[in-house]
Every structure is written in C-alpha cells, then in structure tokens.
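> give me the fold of what follows.
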Amino acid sequence: MPGVSQGAMQMGRYVARVIDAELRDVPSERAAGFHYRDKGSMATIGKWRAVAEIGRAHFGGLLAWLAWMALHLTVLIGFRNRLAVLFSWIYGYVFSRRSSRLITRGAPGELRQPLAPGTPASPPRRS
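So this is what the prediction gives:
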C-alpha cells in the first residue's frame, strides 16, 4: 500500500465491514481479501498552484489547487473542524505565513556557501 491516507481510509472501511460481519455472524468479504483502488493523487506545489492526477485526467494550476483544498476539507470529520481549517488556511494566505506550510529556515548556526570544485574542506569551527 502507498503510505497515503487514501490507502488507510480504504483499509479502515474494509476492516470495519469485516468486523461488523463477524459480529453479526454473516459471511463477509474477508475471503476475497482487501484490494486497494487508486483514486488518484494531488499535491500542492505553491501558493494557488497544485497538480492533480485523477484517472486519466491530469491538470494543474488554480483548478487543481481548489480541488486539493475541497478534497482535504471534505474528508475532515465535523463541520467545526472544516471551518477551523478553512479559516486557518485563509489567515495563512492573507498574511503570507509561509512557515506554516513550508520549511523555510535552514539548520541552526551559520549558513555556508558550497565549496568551489577542488577546494579542500576546512574543519568546522568550535566556539
């Protein structure tokens, strides 16, 4: 299984049906086993930009970003959670809080420029 929520949600539904059938002592789909169905992939690639692959349809840009946002809001549990996430996203986009979505800071300490080819590396300074 791919390590994405799509697979986990399908497996969860399958296990719930199997448990329910066993508790009610009726034949279940357990004998057939679990079969993953790829429903597509989406990814944001920047502000107002995303890519999507759903079946044979491949698209990007604002339309894919809106589809990504709608999908993620609809799978959240509860209206209050959906509203909270939506307002959080709006606030983040209006005030350009990039750090909430992207890793923008380097490692602690000084930033180093790459060495020119053939330059020997010097040992790190201790302070």
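> show me where the protein has helices.
5-23, 62-74, 79-94 (DSSP state H).
> in the longest one, what counts as buried?
Under the neighbour-count criterion of 16 or more other C-beta atoms under 10 Å, helix 5-23 has Gln6, Gly7, Gln10, Tyr14 buried. Glycine gets a C-beta too; all of them are placed from N, C-alpha and C.
> those residues: which two are farthest apart?
Gln6 and Tyr14 (12.9 Å; C-beta to C-beta).
> ok, back up a step: distance to Gly46 and mean pLDDT added to the helices of the chain, as a markdown table?
Formatted as a markdown table, the helices of the chain follow (distance: least, C-beta to C-beta, whole Å; pLDDT from 0 to 100):
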| stretch | distance to Gly46 | mean pLDDT |
| --- | --- | --- |
| helix 5-23 | 22 | 90 |
| helix 62-74 | 9 | 92 |
| helix 79-94 | 12 | 89 |
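> dump those helices to TSV, plus distance to Lys47.
Shown next, in TSV, are those (distance: least, C-beta to C-beta, whole Å):
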stretch	distance to Lys47
helix 5-23	23
helix 62-74	9
helix 79-94	7
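> residues near Pro2, how many?
Pro2 is flanked by 10 other residues according to other C-beta atoms under 10 Å.
> please apply the same query to Ala64.
Ala64: 22 neighbours (other C-beta under 10 Å).
> that one touches Gly46, doesn't it?
No - counting by C-beta atoms under 8 Å, Ala64 stays clear of Gly46, with 11.2 Å between them.
> list just the nearest of the buried residues of helix 5-23 to Gly60.
Gly60 lies nearest to Gln6 out of the buried residues of helix 5-23, by C-beta to C-beta, at 19.4 Å.
> how many neighbours does the residue nearest to that closest one when sequence neighbours are not counted have?
Nearest residue to Gln6 in three dimensions, chain neighbours excluded: Lys39, at 5.9 Å (C-beta to C-beta, 6 or more residues apart in numbering). Neighbourhood size, Lys39 [other C-beta under 10 Å]: 13.
> distance-wise, check Lys39 relative to Phe59.
15 Å (C-beta to C-beta, to the nearest Å).
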